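> Below is the structure, and that's it, no one-letter string:
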Ligand SMILES: *Cc1c(COP(=O)(O)O)cnc(C)c1O
């Protein structure tokens, strides 16, 4: 990937003459079955620009309460675009179609206007859960029938596609816009892309400049993303196998329990019993033995497998877990 990036042909993407960025954007659009796509520096930017374009100031969008756009992007939709979120509680990040009944506000001078539904697939805080395809189809069909737009935060859409054996374009076809990340499981250093209709992406380009995301010789980083799309998708299945192995070990270890069982993709979230200590304490004890995990709540820990973690390292991680937990008791 580094060599491919070093050799990338570059121009100036701000004025549309960077051939590698253009190649990436065409490839993403084709893969996702959309007319057009645009490369951006981050997934926060692709998501926030999508929300901004689907809504007007004083509008509201519907999303799951633990989703990334609501929890981890500083409510940029409010700060930068004057938009409000209405959250619905999901089960492991999954909402049911019935929860949307009655959520569209009537149009009158007192109320915000309901404009958009945002879903996340796979769901990060939901332990990497793949959204059930039929559920997504029911929700997005309902949205379209009721005049709402739909956006998919597909930061991990390729994980969802590999785990479900449903192609990214079939997932993407259900939404007006789709965001994907290259710098998560796909292993590229930088970037995300937003895909949608030609007109939508034209507007997204203008918003990207407004948000400070216009990039010049971006072909260097776009090349990393291109390489990832060409080489690192099918191998995501290995990350899922490794996560399943870690999950097996957690299931067998006393004092910790999986949040979601079985683990479907590359994210393993588990809770530690209070009498053993906090997640932060367990994180520190695991780190002392060389295993890096993330405390994501008072008792909750997240582990993620990816292309830099080999099977032998997963086995070593399991040994560390089995050694550390009894030592905390
Ligand atoms: C990582 C991530 C994003 C984008 O985050 P950036 O750090 O801005 O690239 C968006 N959604 C989800 C679910 C993510 O995990």
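Received the coordinates, thanks. Owing to the predicted nature of the structure, the values given are computational and were not obtained by experimental measurement.
> CA atoms for contacts and neighbours, from now on please.
Noted.
> Contact residues of the stretch 1-150 of the chain facing the ligand?
With C-alpha under 6 Å from any ligand atom as the criterion, the stretch 1-150 of the chain comes near the ligand at residues 42-44, 68, 124.
> Quick check: the farthest pair among those residues?
With C-alpha to C-alpha as the measure, no two of these lie farther apart than 42 and 124, at 16.2 Å.
> out of the two, which sits in the more crowded spot?
The residue with more neighbours, out of residue 42 and residue 124, is residue 124; 22 against 19, by other C-alpha atoms under 10 Å.
> Next one: that one from residue 16, what distance?
To residue 16, residue 124 is 34 Å away according to C-alpha to C-alpha, to the nearest Å.
> the strands in the stretch 201-329 of the chain, which residues?
256-258, 267-272, 294-295, 300-304 (DSSP state E, counting those that start in this stretch).
> neighbours around residue 295, how many?
Around residue 295 there are 21 residues (other C-alpha under 10 Å).
> for it, what are its contacts?
279-280, 283, 301-302 (C-alpha atoms under 8 Å, 6 or more residues apart in numbering).
> Against the ligand, how distant is it?
Residue 295 sits 16 Å away from the ligand, taking C-alpha to the nearest ligand atom, to the nearest Å as the criterion.
> do residue 159 as well
12 Å.
> That residue touches residue 124, doesn't it?
No. Using C-alpha atoms under 8 Å, residue 159 is not in contact with residue 124, being 11.2 Å away.
> name the helices or strands packed onto the lengthiest strand in the chain?
Criterion DSSP state E: the longest strand present in the chain is strand 113-120. If contacts are counted by 3 or more C-alpha pairs under 8 Å, 6 or more residues apart in numbering; DSSP states H and E, strand 113-120 sits against helix 43-54, strand 59-64, helix 133-145, strand 149-154.
> and the angle from it to helix 133-145?
160 degrees (axes from the mean of the first three to the mean of the last three C-alpha atoms, to 10 degrees).
> near the ligand, which residues of the stretch 151-300 of the chain show up?
Near the ligand, when you scan the stretch 151-300 of the chain using C-alpha under 6 Å from any ligand atom, you find 153, 155.
> Find the closest residue to the ligand in the stretch 151-300 of the chain.
residue 155 (4.8 Å; C-alpha to the nearest ligand atom).
> what bits of the chain have low per-residue confidence?
Applying pLDDT under 70 to the chain flags no residue at all.
> Show me which positions of stretch 199-216 end up buried.
200-201, 204-205, 207-208, 213-216 (16 or more other C-alpha atoms under 10 Å).
> typo on my end, stretch 235-249
The neighbour-count check on stretch 235-249 (16+ other C-alpha under 10 Å) flags 236-249 as buried.
> any chance of those residues in JSON lines, plus distance to residue 97?
Formatted as JSON lines, these follow (distance: C-alpha to C-alpha, whole Å):
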{"residue": "236", "distance to residue 97": "29"}
{"residue": "237", "distance to residue 97": "29"}
{"residue": "238", "distance to residue 97": "32"}
{"residue": "239", "distance to residue 97": "31"}
{"residue": "240", "distance to residue 97": "28"}
{"residue": "241", "distance to residue 97": "31"}
{"residue": "242", "distance to residue 97": "32"}
{"residue": "243", "distance to residue 97": "29"}
{"residue": "244", "distance to residue 97": "29"}
{"residue": "245", "distance to residue 97": "33"}
{"residue": "246", "distance to residue 97": "32"}
{"residue": "247", "distance to residue 97": "30"}
{"residue": "248", "distance to residue 97": "32"}
{"residue": "249", "distance to residue 97": "35"}
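> Among these, find me the one that's closest to residue 164.
Taking the buried residues of stretch 235-249 together and measuring to residue 164 by C-alpha to C-alpha, the closest member is residue 237, at 10.5 Å.
> Surely that closest one is in contact with residue 165?
No. Using C-alpha under 8 Å, residue 237 makes no contact with residue 165, being 10.5 Å away.
> Alright, that wraps it up for me.
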